[in-house]
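Student: next input, structure requested:
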Amino acid sequence: MKTAISIPDELLSDIERTAKKLGIPRSQLFARALEEFITNHAPQDVTARINQILETENSSVDAHLAAMQAATMSSAYATSSVPAGLRHFLR
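Tutor: As a prediction, this is how the structure comes out:
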């Protein structure tokens, strides 16, 4: 799809130089740059949405689940399956 955009002259010069260096048309450089920009910003959108949901939802741990987690951690500590250098984190 064709579209028209306004770009400062200095930036357009950088775009043309980069496209030539990569041996690709400007339009392909624009497409790649936008894909990369969108990909890099998508995680922020996901995090923002999760934070928005957590503001309205109860995010506390179920008491039964917490007890099971504690028992598992105690068991791991007791059986020495946790490296000695990390055991103090389980206390």
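Student: let me see the ranges of the strands in this structure.
Tutor: Counting by DSSP state E, the chain has no strands at all.
Student: nearest the geometric middle of it, what residue?
Tutor: Taking C-alpha atoms, centre = their mean, the centroid of the chain lies closest to Pro43, which sits 4.1 Å from it.
Student: local confidence estimate at Gln28?
Tutor: On the pLDDT scale, Gln28 is placed at 95.
Student: is it true that it touches Lys20?
Tutor: No: look at Gln28 against Lys20 with C-beta atoms under 8 Å: they stay out of range, at 12.0 Å. (Glycine included, C-beta is placed from N, CA and C.)
Student: what's the overlap in contacts for the two?
Tutor: Shared contacts of Gln28 and Lys20, defined by C-beta atoms under 8 Å, 6 or more residues apart in numbering, are absent.
Student: elements contacting the lengthiest helix in the chain?
Tutor: When the chain is scanned for its longest helix (criterion: DSSP state H), the result is helix 26-56. The contact analysis (3 or more C-beta pairs under 8 Å, 6 or more residues apart in numbering; DSSP states H and E) places helix 26-56 against helix 9-22.
Student: ok so, going back, from the chain's centroid, how far away is the longest helix of the chain?
Tutor: 9 Å (C-alpha atoms, centre = their mean, to the nearest Å).
Student: and it with helix 9-22, angle?
Tutor: Relative orientation of helix 26-56 versus helix 9-22 (axes from the mean of the first three to the mean of the last three C-alpha atoms, to 10 degrees): 110 degrees.
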